[in-house]
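Peer 1: Would you be able to build a 3D model of this:
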Amino acid sequence: MFKKWTKGIALCCTAALLGTLAVGCGGSAPTGGEKKAAENQTQTSGDYIQTIKNRGYLIAGVKNDVPLFGQLKSGADKPEGFEVDIMKELAKKLFGDESKVKLEKVESQTRIPMLQNGQIDIVAGTTTITEERKKQIDFSDVYFKAGQSLLVKKGSPIKSVTDLKGKTVSTVRGSTSAKNIREKAPDAKVDEYATYTEAFQALKLGRSDAMTTDNSILMGFANEDPNFELVGGLFTEEPYGFGFQKGHPEWVNYVNDFLKELKANGKYDELYKKWFKEDPPK
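Peer 2: Below is the predicted model of the structure:
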């Protein structure tokens, strides 16, 4: 009887010990803050490309309010645009299947924090490469060259940044455009909005006299509404790069090689013509 009792105690202790080890090694799924911490730890260590492959899909941050680049149209369930298509091509390279990408909505003020928090693997959100941003995230090679310009209603007396004295300009919060326009037109009133759609709506409703951001973005709004036109030429250079959480040079190199392949095999030109109706600048 004593032997049976001690044998039972030993089995219970062994089971308890194994259960403790299983929890310590990740045998049970963490919840809440522990789960988020575990996910972030996975994303900041080891081979990041393998982390993505083990997950089974790419998480890409894209805009939902920028015509031609990333726009979620009324009635659609997924955004579409030049950057969205490039992310699909990246998923195809990683998994052999362009559908293996989860498109997460980002805005100008959220895209960098979402990268830093490990919520997305890469951001394709019309993000200009700047020295200040390089301190926060890593960038790919340039994949699109834009420049800041002005969008106005046709017939407007505004023809350049020099005409903005005393005028109201709408732009997007968290973008380089707001900083640039304050430097180029210090006597203008600058209103910042959360999204490009809101900034354009302010222009349409007469709450602003002009909208400013990259010409490539403004071009999309002008294409949607022929009552508006671009003026003022380009008064900045805005090279776009894909953004990455810091600490994953192998992932950055992988995407740079992917971009080179995309240009070499003609797919980049094909996508550029599809969205911008012209050949890419050489």
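
Peer 1: For the rest of this, base every contact and every neighbour count on C-alpha atoms.
Peer 2: OK.

Peer 1: Going by the annotation, which residue ranges form each domain of the chain?
Peer 2: Domains of the chain are assigned by automatic domain parsing as 47-145+240-276, 148-236.

Peer 1: Span of the shortest one from start to end?
Peer 2: Distance between the two ends of domain 148-236: 5 Å, counting by Cα to Cα, to the nearest Å.

Peer 1: next one: it to chain centre, how far?
Peer 2: Taking Cα atoms, centre = their mean, to the nearest Å, one finds the center of domain 148-236 at 22 Å from the center of the full chain.

Peer 1: and if you look at the first one?
Peer 2: Averaging C-alpha coordinates over domain 47-145+240-276 and over its chain gives two centres that are 6 Å apart (Cα atoms, centre = their mean).

Peer 1: What's the end-to-end length of stretch 206-221?
Peer 2: Using Cα to Cα, the end-to-end distance of stretch 206-221 comes to 16 Å.

Peer 1: Give me the contacts around it.
Peer 2: The contact list for stretch 206-221, computed with Cα atoms under 8 Å, 6 or more residues apart in numbering, reads 66-69, 146-153, 158, 167-172, 177, 181, 191, 199-200, 202-203, 230, 234, 238.

Peer 1: before we move on, back to that, out of the domains of the chain, which is closest to Lys282?
Peer 2: Ranking those by their distance to Lys282 (criterion: Cα to Cα) puts domain 47-145+240-276 first, at 10.4 Å.

Peer 1: so Gly241, which of the three states?
Peer 2: The three-state assignment at Gly241 reads strand, by DSSP: H, G, I helix; E, B strand; the rest coil.

Peer 1: count of residues packed around the closest residue in space to it that isn't next to it in sequence?
Peer 2: Leaving aside its sequence neighbours, Gly241 sits nearest to Val142 (Cα to Cα, 6 or more residues apart in numbering; 4.8 Å). Residues lying near Val142 (other Cα atoms under 10 Å) number 15.

Peer 1: tell me the contacts of Val169?
Peer 2: Contacts for Val169 were tallied using Cα under 8 Å, 6+ apart; they are Ala188, Lys189, Val190, Asp191, Ser208, Asp209, Ala210, Met211, Thr212.

Peer 1: quick check, nearest of the residues you listed to Lys134?
Peer 2: Thr212 (23.5 Å).

Peer 1: Now the phi/psi pair for that closest one, please.
Peer 2: Backbone torsions of Thr212, given as degrees, to the nearest 10, read phi -130, psi 140.

Peer 1: in the stretch 151-282 of the chain, which spans are strands?
Peer 2: Ranges of strands in the stretch 151-282 of the chain, per DSSP state E, counting those that start in this stretch, are 168-172, 189-193, 210-214, 228-231, 238-244.

Peer 1: again, but for the stretch 1-150 of the chain
Peer 2: 58-62, 65-66, 70-71, 101-105, 122-124, 138-146, 148-153.

Peer 1: Appreciated, that's everything.
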